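Participant: mind looking at a prediction? Sequence and model below.
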Amino acid sequence: MITLRKAADRFHTNIGWLDSFHTFSFGDHYDPEREGFSVLRVINDDTVQAGQGFGTHPHRDMEILSYVLSGALQHKDSSGGGGVIRPGELQRMSAGSGVAHSEFNASEKEPVHFLQIWLLPDARGIKPGYQQKKFDFAKGALTMLASKDGREGSVTIHQDASVYGARLDGPERISFELQPSRRAWVHVARGSLELNGRRLSAGDGAALSGEKEIRLEGGEKAEVLLFDLP
């Protein structure tokens, strides 16, 4: 079964310096039918204006991924993690027993566009941690970005989930076998493509369960994330 969530159906927050679209319930936007999917709790599509950002604030018991699409994001947290995240990079912050962090646009001239992704951890109260890696994407292939065991050079998350990224533009076709006990979420970050024969565009998402195969093809400058979930 495939359930689509179109970009236009997302929640929306615009407070000037921040323009954010929420795939799932977030903050003041709440729908009991949209509290997440499996262990995936948040996909926020954020654009932050130059020189602006999120001041220091706390989190706990959450795996938080930042995926930059354009611009540069400055991160700093109380676990000692910090750096500038750019396109092609993924940052993981494990909030665990408690961490305070800030996220600011690293530029005084250009906006930064990024995805903020939250997953529930498989244990509470773990030691907070930070990790950041740059990835080389092969066109028309899945690149593993995050996994529980850090395989294939991915960042490590404290959950039995895997996050893949891919870029498709032209005749490439990607096939992913979904195990019977697993579910998946597909999020189109930009461009457009076909998911099992359904056309998706930037901001669209889809929940998949009971599907043996995930097919991604017909990409037009597409950048997509695939979450393999318990």
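Facilitator: Great, that's in hand.
Participant: now do the contacts for the spatially most central residue of the chain.
Facilitator: Centroid check for the chain by C-alpha atoms, centre = their mean gives Ile117 as the closest residue, at 4.2 Å. Applying C-beta atoms under 8 Å, 6 or more residues apart in numbering to Ile117 gives the contacts 40, 42-44, 64-67, 163, 225. No exception for glycine: its C-beta is placed from N, CA and C like everyone else's.
Participant: correct me, but Asp19 touches Arg10?
Facilitator: No. Using C-beta atoms under 8 Å as the test, Asp19 is too far from Arg10 to be in contact (12.0 Å).
Participant: what about Thr117, is that helix, strand or coil?
Facilitator: I think there's a mix-up here, since residue 117 is Ile and not Thr. Assigned by DSSP: H, G, I helix; E, B strand; the rest coil, the conformation of Ile117 is strand.
Participant: for Val186, see how far away it is.
Facilitator: 13 Å (C-beta to C-beta, to the nearest Å).
Participant: now do Leu229
Facilitator: Taking C-beta to C-beta, one finds Leu229 at 11 Å from Val186.
Participant: any residues in contact with both of Ile117 and Val186?
Facilitator: Leu225.
Participant: Phe176 reaches Leu142, doesn't it?
Facilitator: Yes. The pair Phe176 / Leu142 is scored as a contact, 6.6 Å apart, by C-beta under 8 Å.
Participant: neighbour count: the two, which is higher?
Facilitator: Leu142 (20 against 17; other C-beta atoms under 10 Å).
Participant: excluding chain neighbours, what is closest to the more buried one?
Facilitator: Tyr164 (4.3 Å; C-beta to C-beta, 6 or more residues apart in numbering).
Participant: element containing the one you found?
Facilitator: strand 162-177 (DSSP states H and E).
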